[in-house]
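Enquirer: Sequence below, structure please.
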Amino acid sequence: MMVSDSLYCTLWMLSFFGQYLGEDLQFSGPANGAVGGSVVFAPDNPPSTSTDTVQWHFGTALILTAVPDSTIIASAYRDRVSFDRNTFALELRNLRLDDSGTYKLTVLTSAGETLTGETTLQVFENITNVRLIGPEESLIEGESSVNISSEGTGSILSVQWMKDNSPLSPSNSIIFSSDNRSVSISPVQRSDSGEYQCTYRNPVSSQTAKLSLIINYGPEDVSVKGEDVVDLGVRVSLSCSANSEPAASFSWKFNETDTNVTTDTFTIDETDFTHSGDYICTASNNVTKRSTSQKHTLLVKEGGGGGGGGGLSSGAIAGIVIGVLVAVAGICGLIVYLTKTKKIPKINLRQNGPARGAAQSRQEPDLNYADISHFQKASGGRVNLGNKSEFSTEYAEVKHGGKSSAPPPPYGHQVRA
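Expert: Below is the predicted model:
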């Protein structure tokens with residue numbers, strides 16, 4: 001830090017005292033100009049005292065001499081230079097390549113002091129006609145190599161390469177020439193596709209040329225999307241895709257038979273059982289001359305939708321659920337209605353004994369039973385209808401309305417005729 005401060009102080013003192021003592025006329029730095037252009041040389045610290053004579057030289061050749069009354073310009077520079085008496089600036093126009101060199105300013109003050117200063121000029125040709133020359137044939141990934149060369153006119157001091165607006169750097173597959181004016185890529189990969197830029201530069205001009213490369217590849221990752229199981233009589237579409245440059249062309253086979261369909265979509269307007277089978281999509285690249293196939297199996301079933309992508313949609317499921325709920329609600333409402341209007345009896349499972357019997361008697365037809373195994377004559381005798389040793393009972397059914405009757409008499413009870 002101390003060394004830097006000391007150096008800065010020393011330079012400042014030299015500059016200050018040099019200007020004060022009139023030993024140096026300082027310039028900002030070397031000047032650059034383009035052929036046909038112009039440049040101005042002016043000291044940063046022109047003298048503040050009056051001057052007697054001012055001269056500008058190019059090398060040893062005198063350009064002009066200025067005295068208080070006039071300015072004399074050398075014939076070689078007539079119509080090419082101008083001089084400013086206040087700033088001591090020299091303007092040089094219509095620059096040529098041979099104007100490059102050292103320019104010296106000499107000032108003789110009225111006090112008899114001589115002040116001098118120097119600067120340099122470098123004249124460059126403007127850069128023009130920059131272009132890139134690349135391959136004319138198609139480039140295939142993993143197979144092709146490419147060389148991109150650049151050319152242009154003018155004073156070329158530097159060459160810069162870019163790809164897609166980012167600097168292009170050398171690698172195992174990317175190699176630059178010794179003069180940096182060409183680049184080779186071998187073998188090419190799909191990542192090498194893009195816009196290549198080459199810029200020629202010098203201090204006064206620059207120009208950029210561009211070239212686009214397309215690396216062809218594929219087809220790869222062929223995929224068929226569509227339903228696996230479908231119902232009868234529905235519309236079905238199978239879609240085929242592939243990763244390819246340029247875009248792949250497609251063809252379809254059904255059970256190894258050509259279908260003459262050459263689009264990426266195979267459509268069946270209305271399915272039947274004959275549509276079950278294997279659908280094969282083949283993707284082809286007419287540049288790489290490669291092709292890849294993918295098989296998709298379709299099953300047509302009566303009521304078979306729902307498997308492998310053929311399931312009911314969420315809307316259909318929601319519709320079924322709503323329909324079931326409406327049906328259940330309707331049935332419940334009907335039962336309540338019929339019950340309240342006494343068209344359906346209320347059943348109380350907790351009723352027992354007489355109460356239950358009474359409820360049943362109100363709802364069911366009356367049944368009366370009689371033992372007719374024997375009966376008594378009017379004259380007092382009794383007629384036996386069967387052998388008592390045979391355990392059997394005969395029943396007779398009598399239906400009538402009105403009040404409920406007593407239960408049937410016990411076995412063996414006599415009934416008068």
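Enquirer: Please name the residues that touch residue 185.
Expert: With contacts defined as CB atoms under 8 Å, 6 or more residues apart in numbering, the neighbours of residue 185 are 145, 146, 147, 148, 173, 174, 175, 192. C-beta: built from backbone N, CA, C; applies to glycine.
Enquirer: Likewise for residue 146?
Expert: 134, 135, 139, 184, 185, 186, 188, 192, 213.
Enquirer: where's the closest residue to residue 263 other than its chain neighbours relative to residue 219, distance?
Expert: Leaving aside its sequence neighbours, residue 263 sits nearest to residue 250 (CB to CB, 6 or more residues apart in numbering; 6.3 Å). In this structure, residue 250 and residue 219 are 9 Å apart, going by CB to CB, to the nearest Å.
Enquirer: how about residue 240, what does it touch?
Expert: 222, 223, 224, 225, 250, 252, 264, 265, 266, 281, 283, 294.
Enquirer: Which strands or helices does the helix or strand that residue 283 is a member of pack on?
Expert: For residue 283, the host element (DSSP states H and E) is strand 277-285. When contacts are defined as 3 or more CB pairs under 8 Å, 6 or more residues apart in numbering; DSSP states H and E, strand 277-285 sits against strand 215-225, strand 236-245, strand 249-254, strand 290-300.
Enquirer: Just want the most central residue of this protein.
Expert: residue 243 (14.7 Å; CA atoms, centre = their mean).
Enquirer: these two touch, right, that one and residue 220?
Expert: Yes. Applying CB atoms under 8 Å, one finds residue 243 in contact with residue 220, separated by 4.6 Å.
Enquirer: Would you map the helices across the stretch 251-400 of the chain?
Expert: 314-340, 353-363 (DSSP state H, counting those that start in this stretch).
Enquirer: Check these for me: which has the lowest mean pLDDT.
Expert: Among these, helix 353-363 carries the lowest mean pLDDT, at a mean of 44.
Enquirer: just to revisit the earlier point, just give me the closest of the contacts of residue 240 to residue 321.
Expert: For the contacts of residue 240, the closest approach to residue 321 (CB to CB) belongs to residue 225, at 28.6 Å.
Enquirer: Please name the bridge partners of the closest one.
Expert: residue 239 (DSSP bridges).
Enquirer: Enumerate every residue touching it.
Expert: Residue 225 touches 238, 239, 240, 241, counting by CB under 8 Å, 6+ apart.
Enquirer: Sketch out the low-pLDDT regions of the stretch 251-400 of the chain for me.
Expert: 304-317, 342-400 (pLDDT under 70).
Enquirer: Domain parsing of this structure, as residue ranges.
Expert: The record assigns the chain these domain ranges, following automatic domain parsing: 18-124, 128-213, 219-300, 312-344, 351-417.
Enquirer: pLDDT on the first one, on average?
Expert: Looking at domain 18-124 alone, the average pLDDT works out to 92.
Enquirer: Could you report the pLDDT at the residue nearest to residue 263?
Expert: 98.
Enquirer: For it, give me its contacts.
Expert: Contacts of residue 250 (CB under 8 Å, 6+ apart): 240, 242, 262, 263, 264, 281, 282, 283, 284.
Enquirer: just residue 190 next, same as before
Expert: 141, 215, 217, 245.
Enquirer: ok now do the first one, which residues does it touch?
Expert: When you say that, I think you mean residue 141. Counting by CB under 8 Å, 6+ apart, residue 141 has contacts 187, 188, 189, 190, 215, 216, 217, 288.
Enquirer: Output those in a markdown table; the columns should cover distance to residue 66.
Expert: Shown next, in a markdown table, are those (distance: CB to CB, whole Å):
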| residue | distance to residue 66 |
| --- | --- |
| 187 | 69 |
| 188 | 65 |
| 189 | 67 |
| 190 | 69 |
| 215 | 66 |
| 216 | 70 |
| 217 | 72 |
| 288 | 76 |
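Enquirer: Closest to residue 320 out of those?
Expert: residue 217 (48.4 Å).
Enquirer: correct me, but the closest one touches residue 140?
Expert: Yes. Using CB under 8 Å, residue 217 makes contact with residue 140 at a distance of 7.2 Å.
Enquirer: quick one, which of the two is more surrounded?
Expert: Comparing residue 217 with residue 140 by neighbour count (other CB atoms under 10 Å), the higher total belongs to residue 217, at 22 against 18.
Enquirer: Show the contacting residues for that one.
Expert: Contacts of residue 217 by CB under 8 Å, 6+ apart are 140, 141, 142, 190, 244, 245, 285, 288.
Enquirer: Leaving aside the residues adjacent along the chain, what's closest to it?
Expert: Per CB to CB, 6+ apart, closest to residue 217 is residue 141, 3.9 Å.
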